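# please work out how this folds:
(one chain, ligands or ions: 1)
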Amino acid sequence: MNLEKFRPALYLSSAYKVDYEALWREGIRGILFDIDNTLFPYYVPHATNEAKALIDKLKKMGFKVGILSNGRSERVQLLKQEFGMEGVSRAAKPLRFGAFRMKKTLGLPASQIALIGDQIFMDVLCANRMGFKSILTVPIDPVNDEKSVMKRRGAERKIISRLNLYPEDLQEAGNSDEDKAIPRKAD
Ligand SMILES: [Mg+2]
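Numbers count the residues shown, from 1 in each chain. Predicted coordinates:
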């Protein structure tokens, strides 16, 4: 199997550790966010202050931002209001229809859009298929994830290890704690 379609352009420990100034300098103008386990865990019903501060900062920098979530529409609808940004729910990533909708909403070419998410089989594959910059982050709370997501984590860990991926910001910090890089399923 060709694994390159799963390779993220960037792999970081958190969406809050992305160097957004660097993204801007390289020409990225739109950022799409996965929500669950990327900005906060799926069981957190409201936008956190940390996530709101990040989105506000990005808007002030001039980025167009949006949500691309496979989550329920009620949840995404509420978060759209709380963040004051557009979004698509039930996007069925890695399928592209939701991503196409958000690309149109942002009004940007694919080459100027980054998609940040915690799942290789959903977020990274979708971004790579679209020609977006794919940014993979370590899931915030992998041991309390939804059952359907937990099932895929083992396979994701295999791909991450076969692609020889390690979060770049942890590498720089000289941190070799593998458990942080490759989330393990709770036994
Ligand atoms: Mg997610």
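# going forward, measure contacts between C-alpha atoms and count neighbours the same way
Noted.
# now do the helices in the chain.
20-25, 49-61, 73-83, 97-106, 125-130, 147-162, 168-172, 178-181 (DSSP state H).
# out of these, deepest packed?
Most buried of the helices of the chain by mean neighbour count (mean count of other CA atoms under 10 Å) is helix 125-130; its value is a mean of 22.
# hmm, that one touching the ion?
No. Judged by CA under 5 Å from the ion, helix 125-130 makes no contact with the ion; its nearest approach is 12.5 Å.
# before we move on, what about stretch 56-73?
No. Stretch 56-73 lies out of reach of the ion by CA under 5 Å from the ion, never closer than 7.6 Å.
# end-to-end on that stretch?
23 Å (CA to CA, to the nearest Å).
# repeat for stretch 60-79
From its first residue to its last, stretch 60-79 covers 19 Å (CA to CA).
# what are the contacting residues of stretch 27-38?
With CA atoms under 8 Å, 6 or more residues apart in numbering as the test, stretch 27-38 has contacts from 14-15, 39, 41-42, 62-69, 71, 102, 106, 108, 111-118, 123, 137-142, 145.
# list buried residues within those residues.
14-15, 39, 41-42, 63-69, 71, 102, 106, 112-118, 123, 137-140, 142, 145 (16 or more other CA atoms under 10 Å).
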